[in-house]
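prediction below, plus the sequence it came from.
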Amino acid sequence: MSRFALITGATKGIGAALVEAFIERQFEIIAVAKTQQRLDQLTRRFNSIHPFVCDVASVADVTKTFEAIRSVTHQIDVMINNAGIGYFEPITETSIEHWQQTIGINLTGAFLMTQRAIPLLRQSDRPHIFNIVSTAGKKGFPNCGAYSASKFGLLGFTEVLREEMRAFNIKVTAVIPGAVNTPFWEEQNSNFDTSKMLETQDVAKAVLFAYEQSLNNTIEEITLKPSIGDF
């Protein structure tokens, strides 16, 4: 019987590395992303992809997506909330649009996707939820107001979710990486040295390691940092 991993933000960065890692473990992938073109590129690379275009911050989109997912499978084994966005700007210069977009995707999106995935996770004999947080969810950095707020919120959400999911034997892990070498930095026109950052495969390996623990062992939190520090 096939195992299914649902991964949001599946087409680039950490998400793409997670897709590849779980495919190597013979999973079928429910790949969720906002862009059809990138999903098409992913399906051309791998046979075991079930692509879904979805804005995770939209109730209507998430509802429609899960209706479609149920036509593919009634069981999800791994749920990874990875979709994220961020802007580097002082709080005094953060627009309400950037604030709402960041909270919507990074925090509300994880809530919406998880809430609808739980009934499918409960059908698995090895269910596990991973939320990709950030060290910015445990420590404040200048020019990261909206991003930090969303990630602090996501970490709190993860901790409550973990306690509530114990009754259903659903494991919940917070993955807390420092700076990771992804297209995120190019999109922000930042001048950080990405060669010193974590690689996306580092995060994917940590997630697999946590998933493959015995049923009686839960790795509740994983923190990874570049050897030089957060950045």
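All right, it came through fine.

looking at this protein, which helix or strand does the model trust least?
Within the chain, no helix or strand scores below helix 184-187, which has a mean of 68 by mean pLDDT, DSSP states H and E.

after it, next one along is what?
Next helix or strand after helix 184-187 toward the C-terminus (DSSP states H and E): helix 200-211.

which neighbouring elements make contact with that next one?
When contacts are defined as 3 or more CB pairs under 8 Å, 6 or more residues apart in numbering; DSSP states H and E, helix 200-211 packs onto helix 13-24, strand 128-132, strand 171-177, strand 221-224. All C-beta atoms are positioned from the backbone trio N, CA, C, and that covers glycine.

for Phe209, find the nearest of these.
Closest to Phe209 of the helices and strands packed on helix 200-211, according to CB to CB: strand 221-224, at 8.2 Å.

so what touches the closest one?
135, 173-178, 198, 202-203, 206-207, 210 (CB atoms under 8 Å, 6 or more residues apart in numbering).

send me it as CSV with only the CA atoms.
The C-alpha trace of strand 221-224 is given here as CSV (Å, rounded to 0.1, in the frame of the first residue of the first chain):
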residue,chain,number,x,y,z
GLU,A,221,11.8,19.9,17.9
ILE,A,222,14.7,20.0,15.5
THR,A,223,17.0,23.0,15.4
LEU,A,224,19.6,23.3,12.6
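
which of the residues in that strand are classified as buried?
For strand 221-224, burial by neighbour count (16 or more other CB atoms under 10 Å) applies to 221-222.

same check on stretch 148-167?
By neighbour count on 16+ other CB under 10 Å, the buried set for stretch 148-167 is 148-155, 157-158, 161-162, 165.

and it, how far out from the chain middle?
In terms of CA atoms, centre = their mean, to the nearest Å, the centre of stretch 148-167 is set 13 Å apart from its chain centre.

name the spans of this structure whose pLDDT lies under the cut-off.
For the chain, the stretches flagged by pLDDT under 70 are 185-191, 230-231.

centroid-wise, who is the farthest residue in it?
Residue farthest from the centre of the chain, counting by CA atoms, centre = their mean, is Thr92 at 28.3 Å.

can you tell me the SS state at that residue?
helix (DSSP: H, G, I helix; E, B strand; the rest coil).

out of the helices and strands packed on helix 200-211, which one sits most buried?
Neighbour counts (mean count of other CB atoms under 10 Å) averaged over each of these peak at strand 128-132, with a mean of 26.

the most centrally placed residue in the chain: what's it in contact with?
Most central in the chain under CA atoms, centre = their mean is Asn82, positioned 1.4 Å from the mean C-alpha point. When contacts are counted by CB under 8 Å, 6+ apart, Asn82 touches 7-10, 14-15, 18, 132.

redo those as a markdown table? Include distance to Ala31.
Output for those, formatted as a markdown table (distance: CB to CB, whole Å):
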| residue | distance to Ala31 |
| --- | --- |
| Ile7 | 6 |
| Thr8 | 9 |
| Gly9 | 9 |
| Ala10 | 4 |
| Ile14 | 13 |
| Gly15 | 8 |
| Leu18 | 10 |
| Ile132 | 15 |
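
out of those, which two sit at the greatest distance?
Pairwise distances across the contacts of Asn82 (CB to CB) peak at 11.8 Å, for the pair Ala10 and Ile132.
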